[in-house]
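S.K.: Everything below, folded, please.
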Amino acid sequence: MDREARTFRHDAARHIGDRTGTAIRYTPDLRRRAVRIARRRRRAGVAVAAIARDLGLRPDALRLWLQTPPTRPQLRRVAVTATPETTAPRDGLSVLVTPQGVRVDGLDLATLVTLLRGLA
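M.R.: Numbers count the residues shown, from 1 in each chain. Reported below is the predicted structural model:
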């Protein structure tokens, strides 16, 4: 084990304290250092499991950190238009607006009840 790995292991142990299992959360700085060490040693042909063992990490965690970060999804422009709100249904017709934003209007009460029963 080289000096850099020993230093990392010491710093990580000091950060972790007595936490175990899923309670361990490494700082971004520790993750970057582990990835830098691991990439250098991977170029030299060392297995990820051996590197993780030297660093005192779980091999699965180190493999995850070594993966290229996922690209952020690209935002796309959408047209937003305002629709006038009707205060009350006209001519005794009902309006239904679901929490998902689906709007059904223009149905009489009997047809609306039939629709709701069919959806249930």
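S.K.: Let's see the pLDDT reported for V97.
M.R.: On pLDDT, V97 comes in at 80.
S.K.: what's near enough to touch it?
M.R.: Listed by CB atoms under 8 Å, 6 or more residues apart in numbering, the contact partners of V97 are 103-104. For the C-beta atoms, the positions are set from N, CA and C on the backbone; glycine is no exception.
S.K.: tell me the domain boundaries of this protein?
M.R.: 3-66, 88-120 (automatic domain parsing).
S.K.: does G106 sit in a helix or strand, and which one?
M.R.: Using DSSP states H and E, G106 sits in strand 103-107.
S.K.: Following the chain past that strand, name the next helix or strand.
M.R.: Going down the chain from strand 103-107, the next helix or strand is helix 109-119, by DSSP H and E.
S.K.: how close does G17 sit to T111?
M.R.: Distance, G17 to T111, by CB to CB, to the nearest Å: 65 Å.
S.K.: more crowded one of the two?
M.R.: Between G17 and T111, counting by other CB atoms under 10 Å, T111 is the more crowded of the two (13 against 9).
S.K.: can I have stretch 53-63 written out in CSV, keeping just the CAs?
M.R.: The C-alpha coordinates for stretch 53-63 follow below in CSV (Å, rounded to 0.1, in the frame of the first residue of the first chain):
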residue,chain,number,x,y,z
ARG,A,53,-9.2,-3.1,0.0
ASP,A,54,-6.1,-0.9,0.3
LEU,A,55,-8.3,2.2,0.6
GLY,A,56,-10.6,0.6,3.2
LEU,A,57,-13.7,0.9,0.9
ARG,A,58,-16.3,-1.4,-0.3
PRO,A,59,-15.5,-2.5,-3.9
ASP,A,60,-19.1,-1.8,-5.0
ALA,A,61,-18.8,1.8,-3.7
LEU,A,62,-15.5,2.4,-5.5
ARG,A,63,-16.9,0.9,-8.7
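S.K.: That'll do, ta.
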